[in-house]
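J.: Got a predicted structure here, sequence first:
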Amino acid sequence: MKRAVSLRRGLLGMLTEVAFAGGLIGVAFLISWLFFVGH
Amino acid sequence: MIRRVWREDFRIIGYYTGLVTIGVGLLMVIPTVTSLVFREWASALDFAISVALTLLVGYVLALISRTKNTPGLTHAMVIAAGSWLIAMVLSGVPYMLSGHMKSFLDACFDTMSGFTTTGLFLLQDLDHISQGLNMWRHLLTYVGGQGIVVLALTFLIGSTGGAFKIMVGEGKEEKLEPNVRHIAVLIWRISLIYLGIGTVVLGLIAMANGIKPSLAFFHGAYIFMSAWSTGGFAPYSQNMLYYHSSMMEIASMVFFILGSFNFALHYTIWSGNRKEILRNVEIVSFTITVLTTFSLVCLALMQRGVYPNAVALFRRGFFQLVSGHTTTGQSNIYARTFVREWGPLGMLATTIAMAIGASAASTGGGFKGLRMGIIVKGIATDIRKLLSPERAVVTGHYHHLHDNILSDGVVKSAAVIVVLYVLIYVVGAIVGTAYGYPMVDALFESVSAGSNTGLSCGVTQAGMPVLLKIVYIFEMWMGRLEFLSVFTLFGFIATSVRSMRVRKAAA
Amino acid sequence: MKRLCVILTVMVLAVLIVAPVSASAVQPPVLSTNELVENSYKWDGQTVSFKGEVLQDLMVRKDGTWMNLSDGNNTAMGVFVSKGVAMPAISHTEDYRTVGDVVLITGVFHRVCVQHEGETDIHAVSVTVLTPGSIKANPIHLDRVVWFVVLAGLLGLVMWLYYRKPARGTEH
């Protein structure tokens, strides 16, 4: 039971981190797009 | 602090340094096997020689210094710094045997660059080296990121007291768990899990992009190790440009962003506290400084009309910037493009990003987001104190795993280290400028070395001045060990000399 | 006399007609990676020639093939050969054990290729194999074998000495 919980937490943790990185990349893309729109 | 150096001190240092050296020798078995798998017989022999030599040095050291005593804090610092130097020299043997180095100093430059996860290199004709040597280069950064010392801890040393102190000397002092062996195992577990996932993901992308399956997963492993360790090596001289693949670049970006995180943060998030990622001072600081420096880069690139549309601006501009800020050093533009197209403002914004760097207790370099956050909050708290009525008690806080008080001591420690980093950045820039390199270029390259980034604007070449090579080697070394270990090593040497004089006088 | 004039006139006209045609068959300049990157603005959009050894991975994509051509010490350029362009058979690509084909291409250099999201590349319009690749020798040197044997022997000795003393402070 404990093993399953920690596995699940680990997996969710990994997904959280990856989602954060993805989000940062997305915001950066938005910024580049805004620079072109405003030009 | 030790006032005098006794023979026993040498024994402790010699013994543990010997153990770490044995660890390095064992590591060299991996590229040996790689060369055998690819039927690169001459390369395999070169590695076999290197394994034998390194293990020999390690065992001799351990044999003559064998001791039951555990290291104190000073010993640990000296061991950490000393191990890096020995590892730098011995790891250079396969490079020298390959015939791809112009000098032994160049080999030391490359191995120091590998272990410190910098990524600058002086290797000649990278496009024609063996798979074994490529495996070794990338392994160096992966292991270097984990810390040679943690490697030794996990496999060779049983005692907990001494081992913890060696790790502090290494610059990874987060209090994760009481048992230090446990910490080392944890760091390795997280890294190995990502290694597995990363190799598969990047390997599949490589295959989808037209690379043969038998080679695709080696590329996947190399690029993952380069990214996660924020090292920045790649199997070919074109770096990420070799692949001509946005998927490869994005996947690598995700891995190097994650690799730049504090291991304590990984542990906290993987244990269930996922909100930490939004509250942690390092992540907040990183997000703000990445987006700010990127906006500066965009401004510079737009001013000069370098890229024709948003996609190109993002793909080239952001990749370099975030590669710099995480102190990775992978690149999808040519080195000279920084100078010939991006121009001074773009280079300066990237330089600032590199200087700040990644999170503490991570594979990254720079003076670290934690210190950036602490100093900024420290300034804000001081301003609040000034504006508050005299009797009011103003205390600053910062959130790192839990709420922490922003004491004067904390701010001071952070500021001292930042000053030291800026000092090495500036010294490197001065030496470069003195040799005639344009100041922007010299500063860019110096910060790249000192922050262990590895982006190059063309200064790092085999033909560059010898003194500059030595300066960069020192910068990489000091930057990675965050100064304390290196200072302790020199202090130890000075104290030994003094002690020997005292003993001679007394005799 | 008159016939001689006619023949001469025809010859002159022939030369004048043929000459411009052969002028346009002159090879665009063969440039190096360094030249292209240092002066990327100058060569942007120009038709250039490039010569290099084909590096290990030929990447076949939906709309064409990517080749990385190495033309010197740590310099290589990405060359895109779109589907419509004739691509000769590449017999060898670079490897530890093989020297890759040396290929000459002519194409348009892009400082910042729009199709490829800002890459610095050359889109080839013609590809020719100049020198086919070959197998590399990579000989094993006897003196290195000797070194290995000697070092391994010494190592064995030291390891035996190290592990045979059980009582002395081992922390394994």
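T.: Yes, it's here.

J.: how about the helices in the stretch 1-150 of chain B?
T.: Taking DSSP state H, counting those that start in this stretch, the helices of the stretch 1-150 of chain B run over residues B:7-27, B:29-37, B:41-65, B:73-98, B:104-115, B:131-146, B:148-155.

J.: quick one: the first one to chain centroid distance?
T.: Chain-centre distance of helix B:7-27: 22 Å, with C-alpha atoms, centre = their mean, to the nearest Å.

J.: Nearest residue to the closest residue to chain C within the stretch 101-250 of chain B in space, please, no chain neighbours.
T.: At 3.2 Å from chain C, residue B:210 is the closest residue in the stretch 101-250 of chain B, using C-beta to the nearest C-beta. Where you see a C-beta, it was placed from the backbone N, CA and C, and this is true even at glycine. Nearest in space to residue B:210, with sequence neighbours left out and distances taken as C-beta to C-beta, 6 or more residues apart in numbering or on different chains, is residue C:59 at 3.2 Å.

J.: Verify the contact between that neighbour and residue B:208 for me.
T.: No: Residue C:59 lies out of contact with residue B:208 (C-beta atoms under 8 Å); the separation is 10.0 Å.

J.: OK, contacts around residue 21?
T.: By default, I'm working from chain A. Neighbouring residues of residue A:21 by C-beta atoms under 8 Å, 6 or more residues apart in numbering or on different chains: B:253-254, B:257-258.

J.: ah, no, chain B please
T.: Neighbouring residues of residue B:21 by C-beta under 8 Å, 6+ apart: B:54, B:57-58, B:61, B:83, B:86-87, B:90.

J.: got a pLDDT number for the residue lying closest to it once chain neighbours are set aside?
T.: Nearest residue to residue B:21, sequence neighbours excluded (C-beta to C-beta, 6+ apart): residue B:58, at 3.4 Å. We have a pLDDT of 96 for residue B:58.

J.: Surely residue B:58 touches residue B:16?
T.: No: contact criterion C-beta under 8 Å: residue B:58 and residue B:16 do not qualify, at 10.8 Å.

J.: So these two - more neighbours on which side?
T.: A count of neighbours by other C-beta atoms under 10 Å in any protein chain shown puts residue B:16 above the other of residue B:58 and residue B:16, at 31 against 26.

J.: quick one: the residue nearest to that one when sequence neighbours are not counted from residue B:14, how far?
T.: Using C-beta to C-beta, 6+ apart and skipping the chain neighbours, the partner closest in space to residue B:16 is residue B:79 (4.7 Å). From residue B:79 over to residue B:14 the distance is 9 Å, taken as C-beta to C-beta, to the nearest Å.

J.: If I average pLDDT within each of the helices of the stretch 1-150 of chain B, which one is lowest?
T.: For the helices of the stretch 1-150 of chain B, mean pLDDT drops lowest on helix B:148-155, to a mean of 50.

J.: which other residues reach stretch B:476-496?
T.: Contact with stretch B:476-496 is made by B:2-5, B:9-10, B:74, B:77-78, B:80-82, B:84-85, B:112-113, B:115-118, B:120, B:144, B:169-171, B:365-366, B:417, B:420-421, B:424, B:449-452, as judged by C-beta under 8 Å, 6+ apart.

J.: and the residue in the stretch 51-200 of chain B that chain C sits nearest to, how many residues sit next to it?
T.: Relative to chain C, the nearest point of the stretch 51-200 of chain B is residue B:68 (3.2 Å; C-beta to the nearest C-beta). Using other C-beta under 10 Å, residue B:68 has 12 other residues around it.

J.: what do you get for the one 10 residues further on?
T.: For residue B:78, the count of nearby residues is 30 (other C-beta under 10 Å).

J.: quick revisit: please convert the helices of the stretch 1-150 of chain B to CSV, extending it with distance to residue B:225.
T.: Shown next, in CSV, are the helices of the stretch 1-150 of chain B (distance: least, C-beta to C-beta, whole Å):
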stretch, distance to residue B:225
helix B:7-27, 13
helix B:29-37, 11
helix B:41-65, 18
helix B:73-98, 15
helix B:104-115, 10
helix B:131-146, 4
helix B:148-155, 14
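
J.: Of all the ones you listed, which one is nearest residue B:505?
T.: Proximity to residue B:505 (C-beta to C-beta) singles out helix B:7-27 among those, at 17.5 Å.

J.: Tell me what angle the closest one forms with helix B:104-115.
T.: On the basis of axes from the mean of the first three to the mean of the last three C-alpha atoms, to 10 degrees, helix B:7-27 is oriented at 80 degrees to helix B:104-115.

J.: Just the angle for helix B:7-27 relative to helix B:41-65, thanks.
T.: 160 degrees.

J.: All the strands of chain C, residue numbers only.
T.: Remark: strands assigned in chain C by DSSP state E are C:47-54, C:59-61, C:64-72, C:75-82, C:98-99, C:102-113, C:119-131, C:134-135.

J.: and the ones you listed as CSV, adding mean neighbour count, mean pLDDT and distance to residue B:462?
T.: Compiled in CSV, the strands of chain C are given as follows (neighbours: other C-beta atoms under 10 Å in any protein chain shown; pLDDT from 0 to 100; distance: least, C-beta to C-beta, whole Å):
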stretch, mean neighbour count, mean pLDDT, distance to residue B:462
strand C:47-54, 20, 96, 20
strand C:59-61, 17, 95, 30
strand C:64-72, 22, 95, 13
strand C:75-82, 22, 96, 13
strand C:98-99, 16, 93, 23
strand C:102-113, 21, 96, 24
strand C:119-131, 18, 96, 23
strand C:134-135, 11, 93, 27
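
J.: Could you work out which of the ones you listed reaches nearest to residue A:4?
T.: Evaluated over these, closeness to residue A:4 peaks at strand C:59-61, with 41.9 Å, by C-beta to C-beta.

J.: starting at the chain centroid, how far to that closest one?
T.: Counting by C-alpha atoms, centre = their mean, strand C:59-61 is centred 16 Å from the centre of its parent chain.

J.: and the stretch 401-507 of chain B, which of its residues are near chain C?
T.: Proximity of the stretch 401-507 of chain B to chain C, by C-beta under 8 Å from any C-beta of the partner chain, involves no residues.

J.: tally of neighbours for whichever residue of the stretch 401-507 of chain B sits closest to chain A?
T.: Nearest to chain A, among the residues of the stretch 401-507 of chain B, is residue B:401, at 14.1 Å (C-beta to the nearest C-beta). Residue B:401 is flanked by 19 other residues according to other C-beta under 10 Å.

J.: okay but it is in contact with residue B:282, surely?
T.: No: the criterion here is C-beta under 8 Å, and residue B:401 misses it with residue B:282 at 10.0 Å.

J.: Next, show the common contact partners of those two.
T.: Both residue B:401 and residue B:282 are contacted by residue B:265, under the criterion C-beta under 8 Å, 6+ apart.

J.: Could you list the contact residues of chain A toward chain B?
T.: Residues of chain A lying close to chain B by C-beta under 8 Å from any C-beta are A:6, A:9-10, A:12-14, A:16-18, A:20-22, A:24-25, A:27-29, A:31-33, A:35-36, A:39.

J.: cutoff 6 Å now
T.: Counting by C-beta under 6 Å from any C-beta of the partner chain, chain A comes close to chain B at A:9-10, A:13, A:16-17, A:20-21, A:28-29, A:32-33, A:35-36.
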